[in-house]
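Asker: sharing a model that was predicted from the sequence below.
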Amino acid sequence: MSGPPRELAAPPGVLAGAVAVGAALAGLPWVVDPYQTILLAYGLVMGIAALGFNLLLGYTGLLSFGHSAYFGVGAYTVALLVKYAGVTSMEAFLAAAIAASVLVTAVFGSVCVRYTRIFFGILTLALSQVLWSLAFKLYWVTGGTDGLRVPTPTLLGVTARGDKIQFLAREYYYYVLVIFAACTALMWVIVHSPFGKALQAIRDNETRAAFVGIRVWRYRWIAFLISGVFTGLAGALWAPLNGLTTPEVLYWPFSGEIVFMTVLGGFRAFAGPIVGAVVFNYLKTYAVGFTVYWQLLLGAVLVGLVLALPTGIVGTVWRLVRRARGR
Amino acid sequence: MALLVTERLVKAFGETRAVDHVDFRVEEGEVLALIGSNGAGKTTLVNLISGLLAPDAGRIVFRGVDVTHHSVPARIRAGIARSFQLVNLFDQLTALDNVAVATFSRLGRTFRPLSLAARDRAVWEEAFEVLRQFGLDGRAGAAAGGLSQGERKLLDVAVAYALRPRLLFLDEPTSGVSTREKAPIMETITAVVRAERISATIIEHDMDVVFRYSDRIVVMHEGAILADGTPDEIRRNEAVAATLLGTAPAR
């Protein structure tokens, strides 16, 4: 070899693939019914949350069981702004959700990143349950289990007119799509930056990372912060889509869903969490519609998928592609 | 003035004094071997100097600056780097990535979350040159976890070397490799450190390696320094012969 290898070259086909997927997502509302488009919007929103989650799991080696906290912070920020400040601007929702997520993740992260493995997981879980219990018990503020309604917001100062379903399937879908694309591009840059390399170094060998001069706790904390903000942003986008924010989004099974969708898609691949989120969302929706025992059906399907595809959907696809190319 | 000096350095684990009032020094540009039986305190001494452990008492002075209470990154910035007895690498990253991470860190460029690492050509070219110096350029794209034990040992040293230290501690760089691989590994390492005038302190059990490649030898026994001298002086030292080599001194 005469020089530095592929690291200096642009990843082959990544940009072309991203443009193709983006074009397909942009064209979808014109060929499928509004219900399917709204389902996809849910999937994209969860994709943003899973991308954030995977910065910790896939790139930093930290398994959080408490990401419902940051998703819930985003969703409740929107709901509380609507109820107590009369805000309807989506941009204000997003700005406030980012600020609230930064605040909460900064505090939670400063506690959690000193630990790894099961200790980290349990701490994140415990802290998320503190927020859940607050949302649950402070019902005169949060509406308790009834939750808080989130009406149709204004997008870029424009008030929606007409049917809400049409609004969610068109204007709001494209709004979500643009933010999803921006978040995906931003996360791509982060994980391929020197900072992303440092996180992967920490994931692989914390001691050695420290002995090349990386301040391990500080880098983990920053990764925690970014991860939480992505998830909080997803929560803010989810609230108007769902129309109602309840304590369920702060409860631990919701954290489990974020873990599951990431593992299902493949946490070793950049696109894995996105694919996992979209697939999980469809599976859950159709399982709920198919039977009252939907948790049982969903559980069986997911166990089967994970056993059949241990590297996740994207990891398996990549393996098959490499095999087909004879590598 | 010596590059590194420890003054009355102490580290105890319970009742056991692993390092017991040790005065140790390393001169500029020398290859020093630190030897002693298992439990003599060699690795503990290196752990204290590199910052993995905090001493109970004593001082560590590097290039005239007291670094006793400096953090590991601060010691690295000052010019102290190390490799490990049990290879410590970023196993899922490529060999080139392993060295590049160290290079990014040395240049203070790891905290750049919004720039693509691949675009920093200077870092990759420097990292590749380090791999070439250690004979690993042909394995640049291989995952570190998939390298042979000998290659992993060399990469471990290459990662430390990429920090451009003034003082490099190598903890048993040939342990776990075949006898046939030891000489090429040591030749490679000593060629690089001598060419760059880096002071290297090598912890080693293989006496052939120790006597062949070092300028000076420090012998530790039960947490203290037993002897300090040239390879010939150590060969002739009766106390060393009795406690470590298990033979009569060479005449």
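Answerer: Yep, it's here.

Asker: so which helix or strand takes in the residue nearest to residue B:137 when sequence neighbours are not counted?
Answerer: Spatially, and ignoring its direct neighbours in sequence, residue B:137 is nearest to residue B:131 (4.7 Å; CB to CB, 6 or more residues apart in numbering or on different chains). Backbone N, C-alpha and C define where each C-beta goes, glycine included. Taking DSSP states H and E as the criterion, residue B:131 maps to helix B:121-133.

Asker: list the helices and strands that helix packs on?
Answerer: Secondary-structure packing of helix B:121-133 (3 or more CB pairs under 8 Å, 6 or more residues apart in numbering or on different chains; DSSP states H and E): helix B:95-106, helix B:149-161.

Asker: in a markdown table: these, plus distance to residue A:249, mean neighbour count and mean pLDDT.
Answerer: Listed next are these as a markdown table, based on distance: least, CB to CB, whole Å; neighbours: other CB atoms under 10 Å in any protein chain shown; pLDDT from 0 to 100:
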| stretch | distance to residue A:249 | mean neighbour count | mean pLDDT |
| --- | --- | --- | --- |
| helix B:95-106 | 37 | 28 | 96 |
| helix B:149-161 | 43 | 24 | 92 |
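
Asker: relative to chain A, which of those is closest?
Answerer: When the helices and strands packed on helix B:121-133 are compared by CB to the nearest CB, helix B:95-106 sits nearest chain A, at 4.2 Å.

Asker: for that closest one, list the C-alpha coordinates in CSV.
Answerer: The C-alpha coordinates for helix B:95-106 follow below in CSV (Å, rounded to 0.1, in the frame of the first residue of the first chain):
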residue,chain,number,x,y,z
ALA,B,95,-5.0,0.0,12.6
LEU,B,96,-4.9,3.3,10.9
ASP,B,97,-7.8,4.6,12.9
ASN,B,98,-6.1,3.6,16.1
VAL,B,99,-3.0,5.7,15.3
ALA,B,100,-5.2,8.5,13.9
VAL,B,101,-7.2,8.8,17.1
ALA,B,102,-3.9,9.3,19.0
THR,B,103,-2.8,11.8,16.4
PHE,B,104,-6.0,13.8,16.5
SER,B,105,-5.7,13.9,20.3
ARG,B,106,-2.1,15.0,20.2
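
Asker: packing partners of that helix?
Answerer: On a contact count with 3+ CB pairs under 8 Å, 6+ apart, helix B:95-106 meets helix A:194-204, helix B:121-133, helix B:149-161.

Asker: neighbours of residue 29, how many?
Answerer: Went with chain A since none was named. Residue A:29 sits with 20 neighbouring residues when counted by other CB atoms under 10 Å in any protein chain shown.

Asker: actually chain B
Answerer: By other CB under 10 Å, 15 other residues sit near residue B:29.

Asker: try residue A:324
Answerer: Look at residue A:324: counted by other CB under 10 Å, it has 8 neighbours.

Asker: OK, contacts around residue 173?
Answerer: All of this refers to chain A. By CB atoms under 8 Å, 6 or more residues apart in numbering or on different chains, the contact list for residue A:173 reads A:29, A:37-38, A:40-41.

Asker: was after chain B, sorry
Answerer: B:83, B:153, B:156-157, B:185-186, B:189, B:202, B:204.

Asker: make TSV out of those residues and add distance to residue A:307.
Answerer: Listed next are those as TSV, based on distance: CB to CB, whole Å:
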residue	distance to residue A:307
B:83	41
B:153	38
B:156	37
B:157	42
B:185	43
B:186	48
B:189	46
B:202	49
B:204	48
